[in-house]
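Asker: Would you be able to build a 3D model of this:
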Amino acid sequence: IVAVINNTLPDAGQNASHTVCENGPAFNMYNFLGGAPLSGGSWFDASGSSVSNMFDPSTMSGGVFTYTVPAAFPCPSNSADLTVIINQIPSAGANGTHTVCEDDGLFDLFNYLTGSPDVGGIWTDVNNIPVPNMFNPSTSGSGTFIFTYTVLGAIPCPDATATVTITVNPLPVVTISGTISITQGMSTTIDFTLTTGTTPFTVVYDDGSGPITSPSFNSSTGTITVTPNATTIYTLVSVTDANGCITNAIGSVTITVNQFPTITLSGTATICEGQNSDLDFNLGGSPNFTVEYYAIDVNNPGGILYSQMFTSTGSNLLNVSPTITTTYTLVSITDGNGVVENNVSGSVTITVNPLPTVTANSSPVSPLCDGDALTLTGGGAGITGTYIWDQMVVDNIPFTPSIGTVIYTVTGTDVNSCSDIATISVTVNPLPAVTASSTPLSPLCEGDDLTLNGGGATSYVWDNGVTDNTLFTPGVGTVLYTVTGTDVNSCENTATILV
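Answerer: I've put the predicted structure just below:
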């Protein structure tokens, strides 16, 4: 009797794959094989090393893992593969904030996420409506805007989100007000009122002398005290609020100063001979004004009395042209109401310096030949004087002028900053087009006589002991003869001939 036992081939299941997220929980790989595998088998990684049936995505790497069910004699063992795929967790970064002013430029919302967000996400507003990543405060208006950045996760990983909160602060608005009229010597106040924006705030205004920055005002109204000496317009320039938002401001206050006739005199202290100068009569009171003053110089020690009418307050310029040093001294002022103020003082002395006697010199002296170096030098402006040439020439620096006649002009300035000019004409002659010829023509035979002749100039000097246009008997061989020709302008050039 023979007993036949038919053993079943061990079932390791079917090949399968399983995708997890990198932060997913550990799982039993056996549960994700296909078919109906027998339990009790062993697991191996791609290198053949034995591994646990439990797979932890947070500590292990994906790959192909083989499940092997042992042999049941005489049947062989059986295996099936499970491919584990690990998807990364998407990162949208962390929440961020950004504060801007209403007139700030376009910017990328992505730049204001914190952390390390992945690129390629989508932006939505609070209504979950998709929006572009670029935000423009100048078109959004003021307010607070919250945008959500979403990076889609690869299944089974969830999507990642983060928000950027944008605060757009409105541009500040300010008004200006103040007293319209004061009396000479009095002070008055100017009020600045912030109608839009956040305190504290500062204002830049202009009183005609240039921009002035106010102190910081902690409330919506700020006050400054001014003491103008003449009618002054205070004009708003800009306002900056606590949010750092800056905007141009519009508005002005004119403060009229009613004053007694006053006068001060100022002017340029030093001029050069032939120049004009302004006397600045600064007047206060009621126009029109008549000012009397003396002009005193060495030829008029008692002074010449002048009377001049001015039609406005403040600075009044009178152009004068003294030929010698002159002192201008105030005598009196009469305003438009006929009030005379004789108790005035003030004088300006205008020193008139003579012009330097500038000279223009060349080395070598003109005429020159093409290719010669030329140095132009100014003089007459003193040891510390400076000289500026036209034609891109630098004083006392050699250069090579072009062929032709050029008039060079130098401006010399002395220690008093007085300047005058001088000119010099420089002629550059071309080099002669020298030629070298022989009679008879080369080649020659030994014992033949030879005459070398230069051409294109007026005189010629040969090397090798040759005299121009003079017969000689050259030796055997090939010789290069050079002739130097000089023309009527003493300009030289050379030519050669091979004999």
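
Asker: from here on, contacts and neighbour counts on C-alpha atoms
Answerer: Fine.

Asker: nearest residue to Q14 other than its sequence neighbours?
Answerer: Excluding its sequence neighbours, the residue lying closest to Q14 (CA to CA, 6 or more residues apart in numbering) is G34, at 4.3 Å.

Asker: quick one, what contacts the one you found?
Answerer: Counting by CA atoms under 8 Å, 6 or more residues apart in numbering, G34 makes contact with G13, Q14, N15, A16.

Asker: 6 Å instead, please
Answerer: In this structure, G34 makes contact with G13, Q14, A16, judged by CA atoms under 6 Å, 6 or more residues apart in numbering.

Asker: Now flag whichever of these is closest to N28.
Answerer: Taking CA to CA as the measure, N28 lies nearest A16 of the contacts of G34, at 13.5 Å.

Asker: what's around the closest residue to that closest one other than its chain neighbours, how many residues?
Answerer: Distances taken as CA to CA, 6+ apart put L82 closest to A16, at 4.9 Å, once the chain neighbours are dropped. For L82, the neighbour count with other CA atoms under 10 Å is 23.

Asker: which residues are contacting the strand or helix carrying L82?
Answerer: Following DSSP states H and E, one finds L82 within strand 78-87. Contacts of strand 78-87 from elsewhere in the structure, counted by CA under 6 Å, 6+ apart, are 12-22, 62-69.

Asker: same question, stretch 423-443
Answerer: For stretch 423-443, with CA under 6 Å, 6+ apart as the criterion, the contacting residues are 360, 366-370, 403-409, 450-457, 485, 491-497, 499.

Asker: Tell me which residues touch D206, please.
Answerer: Contacts of D206 were listed using CA under 6 Å, 6+ apart, and they are I212, Y234, T235.

Asker: now swap in L368 and tell me
Answerer: For L368, the set of contacting residues under the criterion of CA under 6 Å, 6+ apart consists of V428.

Asker: What's opposite it in the beta bridge?
Answerer: With DSSP bridges as the criterion, L368 is bridged to V428.

Asker: Need the pLDDT of T268.
Answerer: In the predicted model, T268 carries a pLDDT score of 80.

Asker: Run a quick neighbour tally on it.
Answerer: Using other CA under 10 Å, the number of residues around T268 comes to 14.

Asker: Over to it: give its phi and psi.
Answerer: Backbone dihedrals for T268, given as degrees, to the nearest 10, come out at phi -70, psi 140.

Asker: same thing with A162?
Answerer: Phi and psi for A162, reported as degrees, to the nearest 10, are phi -150, psi 160.

Asker: how near is it to G120?
Answerer: Here the criterion is CA to CA, to the nearest Å. By it, A162 lies 14 Å from G120.

Asker: Can you name the residues that contact T254?
Answerer: Shown here is T254, whose contacts under the criterion CA under 6 Å, 6+ apart are T232, I233.

Asker: could you say which helix or strand contains it?
Answerer: Taking DSSP H and E as the criterion, the element that holds T254 is strand 252-258.

Asker: Buried residues of whichever helix or strand comes after that strand, list them for me.
Answerer: Read in the C-terminal direction, the helix or strand following strand 252-258 is strand 262-267, with elements assigned using DSSP H and E. For strand 262-267, burial by neighbour count (16 or more other CA atoms under 10 Å) applies to T262, I263, T264, L265, S266, G267.

Asker: Adjacent strands (with direction) for strand 262-267?
Answerer: Using DSSP bridges, strand 262-267 pairs in its sheet with strand 277-284 (antiparallel).

Asker: can you list the residues that contact the strand it pairs with?
Answerer: Residues from elsewhere that reach strand 277-284 (CA under 6 Å, 6+ apart): 261-267, 313-320.

Asker: one more time with 8 Å
Answerer: Taking CA under 8 Å, 6+ apart as the criterion, the residues outside strand 277-284 that touch it are 229-230, 259-268, 271, 312-321, 348.

Asker: Same check on stretch 457-477?
Answerer: Residues external to stretch 457-477 that are found in contact with it (CA under 8 Å, 6+ apart): 432-434, 445-454, 481-488.

Asker: Describe which strands the one helix or strand I176 maps to pairs with in its sheet and in which direction.
Answerer: Using DSSP H and E, the element containing I176 is strand 173-178. Strand 173-178 pairs in its sheet with strand 188-196 (antiparallel), by DSSP bridges.

Asker: before we move on, the earlier item: could you list the alpha-carbon positions for the strand holding I176 in PDB?
Answerer: Listed in PDB are the C-alpha atoms of strand 173-178, where the atom choice follows Å, rounded to 0.1, in the frame of the first residue of the first chain:
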ATOM      1  CA  VAL A 173      -4.400 113.900   6.000                       C
ATOM      2  CA  VAL A 174      -3.600 117.200   7.800                       C
ATOM      3  CA  THR A 175      -5.000 120.700   7.700                       C
ATOM      4  CA  ILE A 176      -3.300 124.000   8.700                       C
ATOM      5  CA  SER A 177      -4.700 127.100  10.300                       C
ATOM      6  CA  GLY A 178      -3.500 130.200  12.200                       C
END
